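Q: need coordinates for the following:
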Amino acid sequence: MDNSEKGFGEEELKEYINSLYSVSLGHLNQFLEEEIHFPPGSKFSRSAREGSWIPPLELVSKVTDYDELREARRNSKNAFILSIIAIIISAITLIITAFPELLKKILTKT
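A: Okay, the predicted model is just below:
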């Protein structure tokens with residue numbers, strides 16, 4: 001968000017969240033109500049500053065944690081795929097080095 005320091009409007013926030021995540025409208029409205037308009041631990045609703053507001057640090061931390069978790073899951077899937085490929089390559093290498101005569105027979109028959 002380019003203007004997160006000076007604040008942004010509710011519609012801009014909805015548009016930004018929908019550009020990054022697939023969130024249903026109901027969940028998004030509930031999030032706005034609970035975290036933005038009436039944040040936990042606050043007696044009063046968060047009043048708008050000339051039609052815009054600045055996200056609290058706790059909210060920024062939650063979003064950052066979610067993004068890091070999503071990135072970690074993607075990296076773990078990639079690592080799993082690469083490990084399977086490495087195991088397959090090592091198994092092929094083991095077969096080739098352990099049974100060179102069998103490989104020669106297979107190659108000479110074709």
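Q: helices of the chain, start to end?
A: Counting by DSSP state H, the chain has helices at residues 10-20, 25-31, 57-98, 100-109.
Q: redo the ones you listed as CSV? Include mean pLDDT and mean neighbour count.
A: Backbone N, C-alpha and C define where each C-beta goes, glycine included. CSV is the format used below for the helices of the chain (pLDDT from 0 to 100; neighbours: other CB atoms under 10 Å):
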stretch, mean pLDDT, mean neighbour count
helix 10-20, 79, 13
helix 25-31, 81, 12
helix 57-98, 91, 11
helix 100-109, 81, 9
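Q: for the spatially most central residue of the chain, give its distance to Leu57.
A: Nearest to the mean C-alpha position of the chain, by CA atoms, centre = their mean, lies Arg70 at 2.5 Å. Arg70 sits 20 Å away from Leu57, going by CB to CB, to the nearest Å.
Q: quick one, domains of this protein?
A: The chain breaks down by automatic domain parsing into domains covering 1-54, 56-110.
Q: now the longest one, how far from the centre of its chain.
A: Taking the mean C-alpha point of domain 56-110 and that of its whole chain, the gap between them comes to 20 Å (CA atoms, centre = their mean, to the nearest Å).
Q: stretch 22-31 now?
A: Chain-centre distance of stretch 22-31: 17 Å, with CA atoms, centre = their mean.
Q: which residues sit against that stretch?
A: Stretch 22-31 is contacted by residues Lys14, Ile17, Asn18 when judged by CB atoms under 8 Å, 6 or more residues apart in numbering.
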